[in-house]
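Q: got a predicted structure plus its sequence, pasted below:
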Amino acid sequence: MNRELTWHEAIEKVLSSSKTPLHYREITDRIMARSMRKTMGATPAATVNGQIAESIKHKGDASPYVRVAKGTFALRKTPAGSSSIALKLTPEVTDADDDEPQYDIITSFGMFWKRGAIDWKLSPKIWGMQEIGAIPVDFCKQLGIYLLYDGREVIYVGRSTERPLGTRLYEHTIDRLATRWDRFSWFGLLPVSEAGELTALPQTYPAPKLIPALEAVLVEALEPRQNRKRGDDLAAVEYIQHIDPTIEKRQIKATLEAALEKL
């Protein structure tokens with residue numbers, strides 16, 4: 001039975017087989033596509049980024065990795081021992097850029113999730129995954145802000161504080177907005193552990209990190225045409241919607257019943 005590679009072994013294997021530096025999300029995708037690890041956790045992209053960043057931060061020039069652009073890495077040495085593609089940071093990248101300011105504020109978010117993919121009740125399961133194959137996370141208890149849409153039009157902006165995201169969204173299925181929205185987006189503050197659990201809300205946030213976080217949310221939510229990039233690589237903490245298994249079972253049952261009626 002083959003031994004499961006450690007994160008560092010998998011990362012180095014991917015980078016050593018690439019002719020160009022890779023963004024940590026691409027490294028993650030290749031690790032998953034090649035089944036280098038059986039256990040990916042709930043936050044594989046964040047884990048890959050963290051493993052590389054910690055190595056560079058604590059080992060310095062002794063780290064096997066070199067950061068060539070924001071979120072993009074190469075090996076310091078090739079397997080043969082020759083110099084890698086880029087041995088030092090590009091002029092526009094500084095060590096301070098290793099910190100992703102908004103990740104300490106906005107820890108997770110989802111865009112244009114379908115209302116119909118959730119089994120609505122007082123505490124619904126709001127499932128999301130950072131990558132296909134990652135551990136699903138239930139964001140019902142998440143705190144933050146959310147937007148309701150009618151098609152692509154934002155019709156309501158709300159906050160989940162005393163009552164968490166799942167409760168607030170459920171309330172909008174029975175209040176004056178009940179028939180007016182079909183999708184929603186959300187931006188959460190509670191950190192997500194690698195095991196897929198929501199953890200405690202920080203007591204305070206450093207002021208310098210608030211502005212980048214607010215800018216990132218506005219750019220992502222409003223999609224202004226003159227902004228050429230997403231909010232400071234906010235994609236690193238985006239989650240894709242995972243349909244509630246209860247809904248899937250209902251759909252399968254309905255399909256089978258429809259097929260039987262035609263017999």
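A: Good, I have the coordinates.
Q: just the strands in the protein please.
A: Along the chain, the stretches classed as strands by DSSP state E are 22-23, 65-69, 72-75, 108-114, 127-129, 137-138, 144-150, 153-160, 183-188, 240-241.
Q: how many residues are close by residue 245?
A: By other C-beta atoms under 10 Å, the residues close to residue 245 number 12. Any C-beta I mention is one placed from the backbone N, CA and C, and that applies to glycine too.
Q: how far away is it from residue 125?
A: Applying C-beta to C-beta, to the nearest Å, the value for residue 245 to residue 125 is 8 Å.
Q: tell me, how many residues neighbour residue 52?
A: By other C-beta under 10 Å, 25 other residues sit near residue 52.
Q: how much space separates it from residue 192?
A: 19 Å.
Q: with residue 58 instead?
A: From residue 58 over to residue 192 the distance is 24 Å, taken as C-beta to C-beta.
Q: go on, residue 205?
A: According to C-beta to C-beta, residue 205 stands 17 Å off from residue 192.
Q: the more surrounded of those two?
A: Per other C-beta under 10 Å, whichever of residue 205 and residue 192 has more neighbours is residue 192, with 24 against 14.
Q: that one is in contact with residue 200, isn't it?
A: No: in this structure, residue 192 is not within contact of residue 200 by C-beta atoms under 8 Å, at 11.8 Å.
Q: burial of residue 113, as a residue count?
A: For residue 113, which is what you asked about, the neighbour count (other C-beta under 10 Å) is 24.
Q: which secondary element of this structure has the worst mean pLDDT?
A: The helix or strand of the chain with the lowest confidence, counting by mean pLDDT, DSSP states H and E, is helix 245-262 at a mean of 80.
Q: what's the angle from that one to strand 108-114?
A: Here helix 245-262 runs at 20 degrees with respect to strand 108-114, directions being taken by axes from the mean of the first three to the mean of the last three C-alpha atoms, to 10 degrees.
Q: what comes into contact with helix 245-262?
A: 116-119, 125 (C-beta atoms under 8 Å, 6 or more residues apart in numbering).
Q: over to stretch 199-209?
A: 101-102, 104-105, 143, 189-193.
Q: same list (those residues) but as TSV, adding distance to residue 62 and pLDDT.
A: Compiled in TSV, the contacts of stretch 199-209 are given as follows (distance: C-beta to C-beta, whole Å; pLDDT from 0 to 100):
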residue	distance to residue 62	pLDDT
101	27	41
102	30	46
104	27	70
105	32	88
143	40	97
189	36	94
190	35	94
191	30	93
192	31	93
193	29	92
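Q: in stretch 67-74, what's buried?
A: Under the neighbour-count criterion of 16 or more other C-beta atoms under 10 Å, stretch 67-74 has 67-68, 71-74 buried.
Q: just to revisit the earlier point, what two of the contacts of stretch 199-209 are the furthest from one another?
A: Greatest spacing in these, by C-beta to C-beta: 101 and 193 (20.6 Å).
Q: settle it for me: which of the two has more neighbours?
A: residue 101 (19 against 13).
Q: stretch 11-23: end-to-end distance?
A: With C-alpha to C-alpha, to the nearest Å as the measure, the first residue of stretch 11-23 is 11 Å from its last.
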